[in-house]
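*Asks:* Here is my input; please provide its structure:
(one chain, ligands or ions: 2)
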Amino acid sequence: PARRLMPSDLAARKGGDPIVCLTAYTTPVARIADRHCDLVLVGDSVGMVLHGLPSTLGVSVEMMVMHGAAVNRGLDRALMVVDMPFGSYEAGPEQAFAAAARIMRETGAGAVKLEGGVAMAPTIAFLVARGIPVMAHVGLTPQAVNTLGGYRVQGRGADADRVRADARAVAEAGAFAVVLEKVSEPLAAALTAELAIPTIGIGASAACDGQVLVIDDMLGMFTDFRPRFVRRYAELGAAAEEAVAAYAADVRARRFPAAEHVFAETGGAR
Ligand code: KIV
Ligand code: NA
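*Replies:* Ligands and ions are numbered 1, 2, ... in the order given. Have a look, this model is predicted:
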């Protein structure tokens, strides 16, 4: 079987071929992503995408472990990174280590991801020194929506200094890559040139060393949520709506099940 990519393999691709990343939350979707992506992220976006939560703040370690283990069963080659959920790491390095170790042990993840820059740098260094590769995440950090005051673009004007300090701090602390979320394009391009680790953009810049999207967003599973930074490669939500409507009409008209779907008194038993 193919060898699984490791954080060091992706870090070595700084400045090279773009690193392709997508989220996944289930085994069958992970199998598809594995055939095309270098990194599969079990994002805490799972809370909003699959569990109907209003933000990522309600996501638990248990949810991340369950989805992480499911995704890992679908992967042969891609690196799996699992998000640390809100409240599982911010109190300090030792809290973070306990949660990260559990996530690594119970999911088979090759790395964890956590949100935050300067404030989280000591925690990142603590984890990396103890065998846990960390992907950082700066710019728009959705777990901080209440202090950021919404999901606006980050790093414009004087705010660039804050985002730059965060990105430099996580690189210095030993993160093997950093997600730049909704960071203005010129700043994302500049940070990609300045940092020695790969930048993974989402709503950032084509100049980043890689890109990530939430898979349900790019598959068009939703009709109401259409952020500017997502390109919709399919309209699966509309296709599912049509299929469910056709099934309901067929049941009401007794067109389903048809002869080929039912079992006669004699003949095939399956
Ligand atoms: O939770 C998530 O899906 C993420 C990506 C959008 C980077 O953190
Ligand atoms: Na996330």
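*Asks:* Could you use CA atoms for every contact and neighbour count after this?
*Replies:* Fine.
*Asks:* Show me the shaky parts of the stretch 151-270 of the chain.
*Replies:* The stretch 151-270 of the chain contains no residues with pLDDT under 70.
*Asks:* For this structure, which residues are neighbours of ligand 2?
*Replies:* Applying C-alpha under 5 Å from the ion, we find that the chain lies next to ligand 2 at 43, 44.
*Asks:* mind redoing it with 6 Å?
*Replies:* By C-alpha under 6 Å from the ion, the residues of the chain that approach ligand 2 are 43, 44, 45, 83.
*Asks:* Compute the distance between the third one and residue 55, please.
*Replies:* From residue 45 across to residue 55, the span is 8 Å (C-alpha to C-alpha, to the nearest Å).
*Asks:* same question, residue 235
*Replies:* Residue 235 sits 24 Å away from residue 55, going by C-alpha to C-alpha.
*Asks:* Same check on residue 163?
*Replies:* In terms of C-alpha to C-alpha, residue 163 sits 22 Å off from residue 55.
*Asks:* Leaving out sequence neighbours, find the closest residue to whichever residue of the stretch 151-270 of the chain sits closest to ligand 1.
*Replies:* Closest contact between the stretch 151-270 of the chain and ligand 1, by C-alpha to the nearest ligand atom, is at residue 214 (5.2 Å). Using C-alpha to C-alpha, 6 or more residues apart in numbering and skipping residues adjacent in sequence, the residue nearest residue 214 is residue 23, 5.1 Å away.
*Asks:* Around that neighbour, count how many other residues there are.
*Replies:* 27 (other C-alpha atoms under 10 Å).
*Asks:* Quick check: it touching residue 37?
*Replies:* No: between residue 23 and residue 37 no contact is recorded; they are 9.9 Å apart, counting by C-alpha atoms under 8 Å.
*Asks:* Quick check: neighbours shared by those two?
*Replies:* Common neighbours of residue 23 and residue 37, counting by C-alpha atoms under 8 Å, 6 or more residues apart in numbering, are absent.
*Asks:* Number of residues surrounding residue 129?
*Replies:* 12.
*Asks:* Longest helix in the protein, please.
*Replies:* helix 236-252 (DSSP state H).
*Asks:* The helix or strand harbouring residue 115: what's the following helix or strand?
*Replies:* Residue 115 is part of strand 111-115 when elements are defined by DSSP states H and E. Next in sequence after strand 111-115, counting helices and strands by DSSP H and E, comes helix 121-129.
*Asks:* can you pull out the helices in the stretch 101-250 of the chain?
*Replies:* Using DSSP state H, counting those that start in this stretch, the helices of the stretch 101-250 of the chain run over 121-129, 145-148, 160-173, 185-194, 215-218, 236-252.
*Asks:* Pipe these into a markdown table and attach distance to residue 8 per row.
*Replies:* Converted to a markdown table, the helices of the stretch 101-250 of the chain look like this (distance: least, C-alpha to C-alpha, whole Å):
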| stretch | distance to residue 8 |
| --- | --- |
| helix 121-129 | 12 |
| helix 145-148 | 31 |
| helix 160-173 | 14 |
| helix 185-194 | 18 |
| helix 215-218 | 24 |
| helix 236-252 | 35 |
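*Asks:* For the residue of the stretch 51-200 of the chain found nearest ligand 2, give its distance to residue 65.
*Replies:* Of all residues in the stretch 51-200 of the chain, residue 83 sits closest to ligand 2, at 5.8 Å by C-alpha to the ion. Residue 83 is 10 Å from residue 65, where distance means C-alpha to C-alpha.
*Asks:* State the number of residues packed around residue 201.
*Replies:* Residues lying near residue 201 (other C-alpha under 10 Å) number 28.
*Asks:* show me the residues around it that make contact.
*Replies:* 179, 180, 181, 182, 188, 208, 209, 210, 211, 212.
*Asks:* Roughly how far does the residue of the stretch 51-200 of the chain closest to ligand 2 sit from residue 58?
*Replies:* 13 Å.
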